[in-house]
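Peer 1: Take a look and give me a structure for this.
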Amino acid sequence: DTSSGDDDGVLKIVICLHACDTATDDALWFAICQDTDLIIIAPCCQHELRPQIDQHARDNSDDHPLAEMLRHPIYRERFTEMTTDALRATLLEIAGYENTSVFEFIGSEHTA
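Peer 2: Here you go, the predicted structure:
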């Protein structure tokens, strides 16, 4: 319902498909700043966090509780994707998007 807003019933939507790396975050920030009614984002990669995860895995290979999960590169890639997208969803909820819904739009094997 947009009838109570100042935009004369205009529905504000941001759609961002295949938003590489931090372009997803830029789109989310834009949408939040514009008080968008609907945000549809399909991120494709999360390269911002991956070097930090790789370094952490190298520095803490044996004594970290997640050592086995971070031991193999494919697991680090998936961990990075899940962590990044979980943080994005949490930030949307903090920004007031209470009906945030996360689902797999296209499998990552088709977007790499």
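Peer 1: Please identify which helix or strand holds the residue nearest the centre of the chain.
Peer 2: For the chain, the residue nearest the mean C-alpha position is D85 (3.1 Å; Cα atoms, centre = their mean). Taking DSSP states H and E as the criterion, D85 maps to helix 73-94.
Peer 1: looking at this, I32 is in a helix?
Peer 2: Yes - the assignment for I32 is a helix, going by DSSP: H, G, I helix; E, B strand; the rest coil.
Peer 1: For this structure, which segments are assigned as helices?
Peer 2: Secondary structure of the chain (DSSP state H): helices located at 23-33, 50-59, 67-70, 73-94.
Peer 1: Please save the CA atoms from stretch 57-70 in CSV.
Peer 2: Extracted as CSV, the C-alpha positions of stretch 57-70 are listed here (Å, rounded to 0.1, in the frame of the first residue of the first chain):
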residue,chain,number,x,y,z
ALA,A,57,42.2,-19.8,7.2
ARG,A,58,45.9,-19.6,6.5
ASP,A,59,46.7,-18.0,9.9
ASN,A,60,44.4,-20.2,11.9
SER,A,61,44.5,-23.5,10.1
ASP,A,62,44.5,-25.9,13.2
ASP,A,63,43.1,-24.1,16.2
HIS,A,64,40.0,-22.4,14.8
PRO,A,65,36.6,-24.0,15.5
LEU,A,66,35.7,-23.7,11.8
ALA,A,67,39.1,-25.0,10.6
GLU,A,68,37.6,-28.0,8.7
MET,A,69,35.0,-25.9,7.0
LEU,A,70,37.6,-23.3,5.9
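Peer 1: wouldn't E81 be in contact with Q46 here?
Peer 2: Yes - the criterion here is Cβ atoms under 8 Å, and E81 meets it with Q46 at 5.4 Å. Just so you know, the C-beta spots here come from the backbone N, C-alpha and C atoms, and that holds for glycine as well.
Peer 1: higher neighbour count, those two?
Peer 2: Remark: of E81 and Q46, Q46 carries more neighbours, 23 against 17, as counted by other Cβ atoms under 10 Å.
Peer 1: show me the contacts for that one.
Peer 2: D21, T80, E81, T83, T84, D85 (Cβ atoms under 8 Å, 6 or more residues apart in numbering).
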